[in-house]
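In: A structural model of the following input is requested.
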Amino acid sequence: MSSSIQNLDHLKIPLEDILEATNNFSDENFIRQGGFGKIYKGQLKLSGELINIVARRLDTKYGQGNKQFWTEILMLSKLEHDNLVSLVGFCDEKNEKIVINKYAARGSLDSYITDPNFTWGKRLHTCVGIAHALSYIHYDEKRDFSIIHRNIKSSKILLDYFWVPKLSGFNLSMTTVASQRDQICIEDACGTIEYVDPTYVKTGGVTHKSDIYSFAVVLFEVLFGKKAITDKIDIKLTNEAKSRYEKEQLDDWINPDLRKQMDGESLKIFSKLAYDCLNEHRARRPNIDQVILKLEKALDLQRLQTEGAMYLQRLGANPMLDVRALEGTSSDLKIDRSSNQLHYRFSRSTG
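Out: Predicted structure coming up:
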């Protein structure tokens, strides 16, 4: 690892620059306390440009240390994807170890889980983006190594100003040789218990399918509008999710304001996928590419419903509206003139 660290000198940021950027880690700049340590926002001048940043200060009393600090930096320095958090640099000076990332203006997904104004469409878009991030870290052919994240949860999913989701929290991640990525790795279990693959906890063996399980917990948080971590120790989200899915009682637990927004088929595909990802037998969980296909289909169906509702609204306001104004979009809308019924036809844009 030492040789790899020496290659990161170009990412070093002086402590005095970070102190200036965060107003000496002032209370006004404080965002939240995480498992890594305290997190602050700020504005850092870098190469003549002022950028919005987040500074994460390592605090070893929370159980993490040098290993997790350097793991985060080494991982992010080798990764680049639209749905991953961006590494700006780091500081290792005067007993301070700080990771600097670009600031995500909308905060983290866990802040929106219970808010029905964070619409079903936005939720699906977020899940699709994070699935693409997982596909990239698990299976990118341009790298000779594969990554298991080991800490997937809603608080590690950040949202930028344009609501683009960014996966963060690579301090607990681990690498495997790309050609051996499907093998079980033996490593002490870590992460937040509500999200951790129970097979990993029982056996100490972790695979990419362990990330799929953790992602499924997030999917059910998104679906129900309820957080996995609550004060109600007698209720576990995953147990409720599996039980209600098997009894066909999902509607009873979905936030009613959220349920009103959902296309029925979109909900059906999404919930079946989330349930399959929770399978206790890891081999039976879908791989990440299958997850992406199902999520994108659920999103497409939801978009069709939204486009149809918008058209009917406009038609109600203007009965003479020509349907051709909406045709030729990503999904074609057609009117059966004889029955005055609205029909949808899938068509993926090739332009």
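In: what stretches of the stretch 101-250 of the chain score poorly on pLDDT?
Out: Where the stretch 101-250 of the chain drops to pLDDT under 70, the residues are 178-181, 231-235.
In: again, only using 80
Out: 177-183, 186, 188, 230-235 (pLDDT under 80).
In: quick one, helices of it?
Out: For the stretch 101-250 of the chain, the helices defined by DSSP state H, counting those that start in this stretch cover 120-139, 198-203, 208-224, 237-246.
In: buried deepest among those helices, which one?
Out: Mean neighbour count (mean count of other Cβ atoms under 10 Å) peaks for helix 208-224 among the helices of the stretch 101-250 of the chain, with a mean of 24. Any C-beta I mention is one placed from the backbone N, CA and C, and that applies to glycine too.
In: for that helix, enumerate the helices and strands it packs against.
Out: Applying 3 or more Cβ pairs under 8 Å, 6 or more residues apart in numbering; DSSP states H and E, one finds that helix 208-224 contacts helix 120-139, strand 145-148, helix 198-203, helix 237-246, helix 264-277, helix 288-317.
In: thought residue 113 was touching residue 220?
Out: No: counting by Cβ atoms under 8 Å, residue 113 does not reach residue 220; the two are 10.3 Å apart.
In: now do the closest residue to residue 153 other than its chain neighbours: how many residues are near it, please.
Out: Distance criterion Cβ to Cβ, 6 or more residues apart in numbering; nearest residue to residue 153, sequence neighbours excluded, is residue 195 at 4.6 Å. Residue 195 has 26 neighbouring residues, counting by other Cβ atoms under 10 Å.
In: now for residue 195: which residues touch it?
Out: 151, 152, 153, 214, 217, 218, 228 (Cβ atoms under 8 Å, 6 or more residues apart in numbering).
In: wait, doesn't the first one sit right on residue 190?
Out: Yes: under the criterion of Cβ under 8 Å, residue 151 lies in contact with residue 190, with a separation of 7.2 Å.
In: can you list residues touching both of these two?
Out: residue 172.
In: neighbour count for the two, which is higher?
Out: Neighbour totals were compared for residue 151 and residue 190, and residue 151 leads with 22 against 19 (other Cβ under 10 Å).
In: what's the closest non-adjacent residue to residue 169?
Out: That would be residue 156: by Cβ to Cβ, 6+ apart, it lies 3.7 Å from residue 169.
In: my guess is that neighbour meets residue 171, correct?
Out: No: between residue 156 and residue 171 there is no contact under Cβ under 8 Å: 10.0 Å.
In: let me have the helices of the stretch 101-250 of the chain in CSV, extended by distance to residue 286.
Out: Shown next, in CSV, are the helices of the stretch 101-250 of the chain (distance: least, Cβ to Cβ, whole Å):
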stretch, distance to residue 286
helix 120-139, 11
helix 198-203, 16
helix 208-224, 7
helix 237-246, 15
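In: go through the ones you listed and name the closest to residue 307.
Out: helix 120-139 (10.8 Å; Cβ to Cβ).
In: which other helices and strands contact the closest one?
Out: strand 145-148, strand 157-159, strand 165-167, helix 208-224, helix 264-277, helix 288-317.
In: with distance to residue 108 as added columns, please give those in CSV.
Out: Listed next are these as CSV, based on distance: least, Cβ to Cβ, whole Å:
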stretch, distance to residue 108
strand 145-148, 20
strand 157-159, 5
strand 165-167, 10
helix 208-224, 11
helix 264-277, 20
helix 288-317, 20
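In: right, and the ones you listed - which one's nearest residue 27?
Out: Closest approach to residue 27 among the helices and strands packed on helix 120-139 (Cβ to Cβ): strand 157-159, 21.8 Å.
In: the closest one pairs with which strands?
Out: strand 107-108 (antiparallel), strand 165-167 (antiparallel) (DSSP bridges).
In: which other residues reach the first one?
Out: Contacting residues not belonging to strand 107-108 are listed as 154, 155, 156, 157, 158, 159 [Cβ under 8 Å, 6+ apart].
In: closest one of the residues you listed to residue 307?
Out: residue 159 (23.6 Å).
In: thought residue 123 was touching the closest one, still the case?
Out: No: checked against Cβ under 8 Å, the pair residue 159 and residue 123 is beyond contact range at 11.2 Å.
In: can you tell me how far the closest residue in space to residue 245 that isn't next to it in sequence is from residue 127?
Out: In this structure, residue 245 finds its nearest non-sequential neighbour in residue 275, 4.6 Å apart by Cβ to Cβ, 6+ apart. Relative to residue 127, residue 275 is positioned 15 Å away (criterion: Cβ to Cβ, to the nearest Å).
In: before we move on, the earlier item: for residue 104, find the nearest of the helices and strands packed on helix 120-139.
Out: Using Cβ to Cβ, the helices and strands packed on helix 120-139 put strand 157-159 closest to residue 104, at 3.6 Å.
In: show me what contacts the closest residue to residue 115 other than its chain neighbours?
Out: Nearest residue to residue 115, sequence neighbours excluded (Cβ to Cβ, 6+ apart): residue 225, at 7.8 Å. Contacts for residue 225 (Cβ under 8 Å, 6+ apart) come out as 113, 114, 115, 116, 254, 255, 258.
In: thank you kindly, that will do.
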